[in-house]
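> Sequence below, structure please.
(chains A, B, C and D)
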2 protein chains.
Amino acid sequence: MTAPTRRERLRTATVTEIKDGARRLLVTGGPDAVSLRAIARDMGMTAPAIYRYFPSLEALVAALAGDLYDELRSTIEAARDSAGDDPVGQLIAMARAFRGWSVTHPTEFGLIFGAPTPGLDAFVAGCTDADHPGARFGAVFIQPFLDLWHRTPFRAPPPEMIRQHLGDRLEPLRLSHGEIPIEVAYTFLSGWTRLYGLVAMEVFRQVTWAVTEPEALFETELAIFLDELGSSTQGLPQAGSGD
Amino acid sequence: MTAPTRRERLRTATVTEIKDGARRLLVTGGPDAVSLRAIARDMGMTAPAIYRYFPSLEALVAALAGDLYDELRSTIEAARDSAGDDPVGQLIAMARAFRGWSVTHPTEFGLIFGAPTPGLDAFVAGCTDADHPGARFGAVFIQPFLDLWHRTPFRAPPPEMIRQHLGDRLEPLRLSHGEIPIEVAYTFLSGWTRLYGLVAMEVFRQVTWAVTEPEALFETELAIFLDELGSSTQGLPQAGSGD
DNA sequence: TAATCTGAGTGAACGCCGTTAACTATCGCA
DNA sequence: TGCGATAGTTAACGGCGTTCACTCAGATTA
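Just a heads-up that it's a prediction; the model follows:
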């Protein structure tokens, strides 16, 4: 609450320097290149000193992963905020921002959205459902869907079909974000899945054999998804043409 | 060509024993638990002996990844072959087989479909486009789409729209599998992306905060995708009810 | 101001790891 | 029977995470 003491300032500075070093190693050499000894070497320290700041390497990586989540979320929120009031335009901007960050930060993407490590798994397990990084992440995308639904309800599978298949298995989602209509819950989830699949396929280089310039596939799928929503999709606004 | 000599038999036996050990370690302890020393220890050998069979740990992991690709592909082909002649039924069986294998083999899935490691990347780079494991994999899924298209063309975005967005960026895909119609190429790619996203989200535990029993979401999406295809989707045949 | 305490950092060590080099023994073949 | 290829060994190097005992400067308190 009060101003941070000198000790605290130095400490947080060192913490961020450690995480910056870890990220630099992650980016330049892949996940296996992140080592306490290398980080310490770059800082002119010895490895055991880092234990004053993180209880283990895995804890450090988990903290870094948390920061990356926040960074990506901020990027997406910034894209939304500069996209005007139209929920569809916001969704377009957010999807593009998600892909843009992921493509320019492939190793970071792999850390947060790739195969869970036993260590990171424990970190995630320590979060409540509402506090789950993915939940805070999903919330950002849900809002435009809700806005759009309240403004001009979009096309969605009949609710009884959703209910029949998914029953109350969507409860975690609906509870953590208020009483949202089941069509919105389903459409968000479907859209998020498709967005994730598209971006993960590109970042993990799983489609290079089929398509050059995965961005074109991304834009196609984005256009078709919004078209299926069936609301105000007369042509995709280009990024930056905010009329 | 001739019968394998005794030496060769012993050699391939050792090779498979090494790969089996590597897989066991992968499954029980995660990717980082796969070490030459541990494998050798389990075999009653010393680590340098493995270098008689693989030039490096990464090469061993790459070979294991190749085997896993083949195993998954065989599983999917078996599901297709026991699904009758209907291409839609085949696609359903194959998608379910893909998810089934992936969910029961999460670490293996992560190895082949997760973030590329610098080492495995080099392995994939050594494949030609048509020889790419993903390409041989995709070919299995493309065939039912082609059959279905030739039997009763399914609904797809207008070809000029696909062409406008994707242009000739689908050429790698179309060339490696004969002159397939652009609608088939697009639909396959879109379907494969959605399948991949759905399964990766489940296996990588990216959706636990939103939905319990991801299988229900999978079945919903599968039903809706086939519904969008708009051909002979009067109710989803359950697995095993092959009439 | 002087004594004390706290926390940052060091150096040595342990047991892992991949990899290389030199060496040995065994198996298959001529 | 002898020889060459092959599978395996031991020893070693450097790097890794982690622990422990230790030092020492900076903050706190009497």
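
> Contact partners for residue A:102?
When the contact criterion is CB atoms under 8 Å, 6 or more residues apart in numbering or on different chains, the partners of residue A:102 are A:72, A:109, A:113, A:199, A:202-203. Every residue, glycine included, has its C-beta placed from N, CA and C.

> If you average pLDDT per helix and strand, which one of chain A comes out bottom?
The weakest-scoring helix or strand in chain A, judged by mean pLDDT, DSSP states H and E, is helix A:118-125 (a mean of 70).

> Might you list the low-confidence residue ranges for chain A?
A:1-3, A:119, A:122-130, A:231-243 (pLDDT under 70).

> can we see that at 90?
Applying pLDDT under 90 to chain A flags residues A:1-9, A:116-139, A:167-168, A:171-179, A:208-209, A:230-243.

> As a check, name the ranges of all helices in it.
A:6-29, A:36-43, A:57-81, A:87-104, A:106-113, A:118-125, A:133-151, A:159-166, A:171-176, A:182-203, A:214-229 (DSSP state H).

> Could you count how many residues lie near residue A:153?
Residue A:153 has 14 neighbouring residues, counting by other CB atoms under 10 Å in any protein chain shown.

> Now the phi/psi pair for it, please.
When read as degrees, to the nearest 10, the backbone of residue A:153 gives phi -50, psi 130.

> close enough to count as contact, residue A:97 and residue A:78?
Yes: contact criterion CB atoms under 8 Å: residue A:97 and residue A:78 qualify, at 7.4 Å.

> Of the two, give the one with the bigger neighbour count.
For residue A:97 and residue A:78, the more surrounded residue by other CB under 10 Å is residue A:97, and the numbers stand at 21 against 13.

> tell me the contacts of that one?
A:75-76, A:78-80.

> Next, format those as CSV and append distance to chain B.
Listed next are these as CSV, based on distance: CB to the nearest CB, whole Å:
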residue, distance to chain B
A:75, 18
A:76, 16
A:78, 23
A:79, 21
A:80, 20
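
> Of the residues you listed, grab the buried ones for ChimeraX.
Buried residues among the contacts of residue A:97 (16 or more other CB atoms under 10 Å in any protein chain shown), as a ChimeraX selection:
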select /A:75,76,79,80
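
> Just send the contacts of residue A:97 back as JSON lines, with distance to residue A:62 too.
Shown next, in JSON lines, are these (distance: CB to CB, whole Å):
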{"residue": "A:75", "distance to residue A:62": "21"}
{"residue": "A:76", "distance to residue A:62": "22"}
{"residue": "A:78", "distance to residue A:62": "25"}
{"residue": "A:79", "distance to residue A:62": "26"}
{"residue": "A:80", "distance to residue A:62": "27"}
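
> that older thread, out of the contacts of residue A:102, give me the two with the largest separation.
A:72 and A:202 (15.5 Å; CB to CB).

> Can you report how many residues lie near the closest residue to residue A:110 other than its chain neighbours?
Among residues not flanking residue A:110 along the chain, residue B:115 sits closest, at 3.1 Å (CB to CB, 6 or more residues apart in numbering or on different chains). By the criterion of other CB under 10 Å, residue B:115 has 21 neighbours.

> Correct me if wrong: residue B:115 contacts residue A:116.
No: judged on CB under 8 Å, residue B:115 makes no contact with residue A:116 at a distance of 11.3 Å.

> Quick check: residue A:146 touching residue A:180?
Yes: between residue A:146 and residue A:180 there is a contact under CB under 8 Å: 6.1 Å.

> related to what we said a few turns ago, which of the contacts of residue A:97 are close to DNA strand D?
Restricting the contacts of residue A:97 to those within reach of DNA strand D (CB under 7 Å from any atom of the strand) leaves nothing.

> out of the contacts of residue A:97, who's nearest residue A:171?
residue A:76 (25.4 Å).

> Dump the C-alpha coordinates for stretch A:88-105 into PDB.
What follows is stretch A:88-105, C-alpha atoms only, in PDB (Å, rounded to 0.1, in the frame of the first residue of the first chain):
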ATOM      1  CA  VAL A  88     -18.200  -7.900 -35.400                       C
ATOM      2  CA  GLY A  89     -15.400  -5.500 -36.100                       C
ATOM      3  CA  GLN A  90     -14.100  -6.100 -32.600                       C
ATOM      4  CA  LEU A  91     -14.100  -9.900 -33.100                       C
ATOM      5  CA  ILE A  92     -12.300  -9.500 -36.400                       C
ATOM      6  CA  ALA A  93      -9.700  -7.300 -34.800                       C
ATOM      7  CA  MET A  94      -9.300  -9.600 -31.800                       C
ATOM      8  CA  ALA A  95      -8.900 -12.700 -33.900                       C
ATOM      9  CA  ARG A  96      -6.300 -11.000 -36.100                       C
ATOM     10  CA  ALA A  97      -4.500  -9.700 -33.000                       C
ATOM     11  CA  PHE A  98      -4.500 -13.200 -31.600                       C
ATOM     12  CA  ARG A  99      -3.000 -14.700 -34.700                       C
ATOM     13  CA  GLY A 100      -0.600 -11.800 -35.100                       C
ATOM     14  CA  TRP A 101       0.900 -12.200 -31.700                       C
ATOM     15  CA  SER A 102       1.000 -16.000 -32.000                       C
ATOM     16  CA  VAL A 103       2.800 -15.900 -35.300                       C
ATOM     17  CA  THR A 104       5.300 -13.400 -34.200                       C
ATOM     18  CA  HIS A 105       5.900 -15.200 -30.900                       C
END
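
> Thanks a lot, see you next time.
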